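Participant: give me the fold of what follows.
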Amino acid sequence: MENLNLKGIIPEVSDRITPFVEDIMKGDSNNLHSFHIVGSALTPDFNKKTSDINSVVVLKEMNLGFVKFLAPLGKKYRKKGVAAPLIMTPEYIKTSLDVFPIEFFNFKLIHHTVFGDDILAGLEIEDKDIRLQCEREIKTKLIWLRQGYISSLGDKTLLREKLSESITGYIPLFRAIIHLLGKEPPVRSHDVVVTLQEMTSIETGIFEKMLLLKRNELTLSMDELTAFFEEYYAGTERIGKIINDLHT
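Facilitator: Below you'll find the model as predicted:
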């Protein structure tokens, strides 16, 4: 079995991911290209009680037999906070950089290769593709916020759920925007929000408050939730204007 590179990985992550990787290496081992940890497990945002460990498995060639091999492992490792990995091939990655540029930009920025070649480090992602996806994401979020507010039907619990769900994806999006504005984005969520505010002069504190809401660290009345929604929507709209004015 190939040696695993877990240098620098915190024990709360390495202790949970190691048996998962070892199980993966038992299935179609000759077809495995590489295994990568991605996302918050590699950042100070990782919470051992609530955060999942996300990963990418790269196969030399797609094999649905391997996908079926992985399925039973999901139940075993889900309880340990290990999310189902994304399965890709080098060809899929190469031909998808223009379709999912924000996702691959964040993989490139925040990943750790546990075994195999580091295929993510050298990804070449076009800024024009990142800008286009940023614009699409912001406009999608504005629609989602409006529809989410309407569908909450004035119910406090529903509105809280809708707002908490909506913050997912903002931080990777903000990292991409910071990159487009010409600066290397930080990895920690707080630093991302602060950097975006510094670069755009837009008050971004509402996005940190939404992260607290998602982590159940804020309790709000209906009036406060409504005020949050209005501030959140206005902030998202202002960021959309900045993206719209960007030329890449």
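Participant: what kind of secondary structure is residue 208 in?
Facilitator: helix (DSSP: H, G, I helix; E, B strand; the rest coil).
Participant: neighbours of it, how many?
Facilitator: Other residues within reach of residue 208, judged by other CB atoms under 10 Å, total 16. Just so you know, the C-beta spots here come from the backbone N, C-alpha and C atoms, and that holds for glycine as well.
Participant: could you check how far it is from residue 189?
Facilitator: Using CB to CB, to the nearest Å, residue 208 is found at 8 Å from residue 189.
Participant: same question for residue 214.
Facilitator: Distance from residue 214 to residue 189, by CB to CB: 11 Å.
Participant: any regions of the protein where pLDDT drops low?
Facilitator: For the chain, residues meeting the criterion pLDDT under 70 lie at 1-2, 248.
Participant: just the strands in the chain please.
Facilitator: 32-38, 54-59, 86-88, 111-116 (DSSP state E).
Participant: partners of the last one, with directions?
Facilitator: Strands flanking strand 111-116 in the sheet, each with its direction: strand 32-38 (antiparallel) (DSSP bridges).
Participant: now do the strand it pairs with: everything it contacts.
Facilitator: Contact with strand 32-38 is made by 9, 13, 17, 21, 24-25, 53-60, 85, 89-90, 106-107, 110-120, as judged by CB atoms under 8 Å, 6 or more residues apart in numbering.
Participant: redo that, cut-off 7 Å
Facilitator: With contact meaning CB atoms under 7 Å, 6 or more residues apart in numbering, strand 32-38 is reached by 17, 21, 24-25, 53-60, 90, 107, 110-117, 119-120.
Participant: which of those are buried? Put it as a ChimeraX command.
Facilitator: Selecting the buried subset of those in ChimeraX, with 16 or more other CB atoms under 10 Å as the burial test, is done by:
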select :17,21,24,25,53,54,55,56,57,58,59,107,110,111,112,113,114,115,116,119,120
